[in-house]
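K.L.:
Here is a sequence with its predicted model. Questions after.
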Amino acid sequence: MPSFYGSVPILAVAAIQFLLLRSVSSLNLTNEYLHHKCINSQGKYNKGSVYEANLNRVLGLTSSANLVDGFSDATYGEAPNAAYLRLQCRADSYLSKCQACLSTAISELRRRCPGNKGAIIWYDQCLLRISMIHGYGKVDNENDFFLSNPKKVSGNIESFNKETSALLVNLTAKATSTSNVGSDSLVLYAAGEKMIGTKKVFAMVQCTKDFVFKSCLTCLQGILKKFPMCCNGKLGGRVLGVSCNFRYELYPFLRS
């Protein structure tokens, strides 16, 4: 499963993991590591520093949170040593599954980006970002990547691309509709399926819950433009960013 960060190829463990996923149940029960980025431009913190203390505190506060809606945007401390955190779990991975993904992400982010003030890590079930810059409500157009199945569909690839793109556009409209509101917050997520020829395609789109409808729409429209690069005729594919993501497969990959 080739993986790219922007337009630059990267080596990703997920390339092997994708090929090893043999069943729907195995996919749903695992939390695959997908990619990470150490944001070196934000610099490093020293052991025992104020920033490290603030980061530990904000991580601790989030890890003990309820995460009932699968999202957390937290901060601790004062500039220039304030530490910010964003967590977004996949829409079917709330509560205990979200908590488990967060715990894994914290541990791995510390290991993969030791001492970095800014870093991002993506898993199948969640996204975690730490930063010294607060990005609440702002679309991040810089930090995204894509994954795709190495195999292509049989038959009319042009038609498959057109119909799959149309499904994702329809889901984007649903996710950003003003009627898409949960019990106490914006949903900013939609999933669906569609028969394309003899194939059933399953798909989802999602934004982080710090957005309003317009920001979510802007983000999703931006990453959907990368569909030709990511997903041309592929059996499955996805683009993942810090602010939003989309995915489609020829098998159900979401928990009911």
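P.N.:
Arrived safely. Just so we're clear, the structure is a prediction, and the values are computed from it rather than from any experiment. Numbers count the residues shown, from 1 in each chain.

K.L.:
only C-alpha atoms for contact and neighbour calcs from this point on.
P.N.:
Fine.

K.L.:
Okay, strands next: where are they in the stretch 51-200 of the chain?
P.N.:
71-76, 83-89, 119-123, 126-131, 144-148, 189-196, 199-207 (DSSP state E, counting those that start in this stretch).

K.L.:
how about these in a markdown table, adding distance to H36 and mean neighbour count?
P.N.:
Shown next, in a markdown table, are these (distance: least, C-alpha to C-alpha, whole Å; neighbours: other C-alpha atoms under 10 Å):
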| stretch | distance to H36 | mean neighbour count |
| --- | --- | --- |
| strand 71-76 | 19 | 20 |
| strand 83-89 | 14 | 26 |
| strand 119-123 | 4 | 23 |
| strand 126-131 | 9 | 24 |
| strand 144-148 | 10 | 25 |
| strand 189-196 | 23 | 18 |
| strand 199-207 | 19 | 23 |
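
K.L.:
could I get the ones you listed as JSON lines with mean pLDDT?
P.N.:
Below are the strands of the stretch 51-200 of the chain laid out as JSON lines (pLDDT from 0 to 100):
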{"stretch": "strand 71-76", "mean pLDDT": "92"}
{"stretch": "strand 83-89", "mean pLDDT": "95"}
{"stretch": "strand 119-123", "mean pLDDT": "97"}
{"stretch": "strand 126-131", "mean pLDDT": "96"}
{"stretch": "strand 144-148", "mean pLDDT": "95"}
{"stretch": "strand 189-196", "mean pLDDT": "96"}
{"stretch": "strand 199-207", "mean pLDDT": "96"}
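
K.L.:
Looking at the ones you listed, spot the one closest to K162.
P.N.:
The closest approach between K162 and any of these, judged by C-alpha to C-alpha, belongs to strand 189-196 at 9.8 Å.

K.L.:
Tell me which other helices or strands that closest one touches.
P.N.:
Other helices and strands packing on strand 189-196, by 3 or more C-alpha pairs under 8 Å, 6 or more residues apart in numbering; DSSP states H and E, are helix 157-175, strand 199-207.

K.L.:
now the farthest one out in this protein, which residue is it?
P.N.:
What lies farthest from the middle of the chain is G48; by C-alpha atoms, centre = their mean that is 31.4 Å.

K.L.:
ok, back up a step: mind putting the strands of the stretch 51-200 of the chain into CSV with distance to C216?
P.N.:
Output for those, formatted as CSV (distance: least, C-alpha to C-alpha, whole Å):
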stretch, distance to C216
strand 71-76, 15
strand 83-89, 14
strand 119-123, 19
strand 126-131, 16
strand 144-148, 15
strand 189-196, 9
strand 199-207, 6
